[in-house]
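**Q** when you get a sec, could you give me coordinates for this:
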Amino acid sequence: MRCTPSVARPVRAHLVCGGRFHDFDHARLQLLGLLAEDESIRTTVSDDYHCIETISSSECLLTYTCDVRPTPDEQDALRDWVSKGGRWFALHGTNAALDLTPEGVVAPRVIPVLAETLGSQFVAHPPIAPYRVEVTDSGHPLVAGIEEFDTTDELYLSEFHAEVHTLLHTEFHGQAAGFIESSWPAPDRRPVMYLRALGAGEVLYLTLGHCRGHYDMQPQIEFWPTVDRGSWEIEAFWTLLRRGIDWMCGKETVR
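**A** Below you'll find the predicted structure:
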């Protein structure tokens with residue numbers, strides 16, 4: 001369904017898509033296709049935050065990254081941009097910084113301003129397996145009418161740095177094998193989609209969206225045996241993406 005523009009001018013959007021351990025070619029193609037459904041959205045693209053001036057002049061920001069660490073100046077600029085009214089739709093590993101060690105994966109606390117801006121920092125996930133996503137606030141337009149659903153994705157276990165309004169959640173307590181911070185006891189409600197207000201702006205974070213192809217684990221693993229598409233194969237995920245894009249562009253209603 002093509003979205004009718006609510007204003008008679010283009011909306012300036014920027015997409016950051018890049019990093020490690022994911023099929024960013026797949027994610028970039030899908031996200032650009034969704035952005036192109038609305039003819040009022042004009043999009044610039046990068047694989048990191050170094051073009052901060054372009055981002056700062058945009059009205060909305062969409063990100064799908066993993067272990068992309070903005071510099072301290074870039075983190076400050078992103079926070080200022082949101083606080084002045086920017087809308088940031090952050091997907092999956094945007095809040096992740098990862099160090100691989102012989103003892104396991106470490107989530108170094110090296111992006112403090114980014115984590116505070118986003119409201120959270122990724123710490124670990126259990127082995128990928130099916131889990132249920134439940135609706136926390138069924139009255140919110142971003143998730144209204146969406147029924148609870150099952151997906152096979154990375155279940156994010158995050159450290160929170162701000163008050164957030166949870167829209168979707170899942171339940172988990174147990175072990176995150178392979179991560180240094182592996183023990184995750186109850187309470188076990190884990191946000192999957194949330195809003196984080198900051199000044200005049202806001203961040204919408206959706207943790208779903210893992211994808212990986214045969215060559216995305218190099219140099220650690222030369223050839224990954226499967227092509228993983230996770231939530232990209234779930235209709236509810238596509239609905240959430242479309243609604244998130246409408247939200248970040250300031251649409252009065254979402255699809």
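
**Q** going forward, measure contacts between C-alpha atoms and count neighbours the same way
**A** Fine.

**Q** do a quick rundown of the helices in this protein.
**A** Along the chain, counting by DSSP state H, helices occupy 24-36, 52-56, 72-83, 112-118, 235-248.

**Q** now, of those, which is deepest in the fold?
**A** Comparing the helices of the chain by mean neighbour count (mean count of other CA atoms under 10 Å), helix 112-118 ranks first with a mean of 22.

**Q** give me the contacts around that helix.
**A** Helix 112-118 is contacted by residues 70, 72, 75-76, 78-79, 82, 90, 95, 121, 160-162, 196, 198, 203, 205 when judged by CA atoms under 8 Å, 6 or more residues apart in numbering.

**Q** can you rerun that using 7 Å?
**A** Gln75, Asp76, Arg79, Asn95, Gln121, His161, Ala162, Arg196, Val203 (CA atoms under 7 Å, 6 or more residues apart in numbering).

**Q** out of the residues you listed, which is nearest to Phe223?
**A** Of all the contacts of helix 112-118, the one with the least separation from Phe223 (CA to CA) is Asn95, at 26.1 Å.

**Q** now the nearest residue to the closest one once chain neighbours are set aside: how far from Val254?
**A** Closest residue in space to Asn95, ignoring its immediate chain neighbours: Gln121 at 4.9 Å, by CA to CA, 6 or more residues apart in numbering. As judged by CA to CA, to the nearest Å, Gln121 and Val254 stand 27 Å apart.

**Q** these two: which is more packed in?
**A** Per other CA atoms under 10 Å, whichever of Gln121 and Val254 has more neighbours is Gln121, with 26 against 17.

**Q** would you confirm that that one contacts Glu159?
**A** Yes - if you go by CA atoms under 7 Å, Gln121 and Glu159 touch, sitting 5.3 Å apart.
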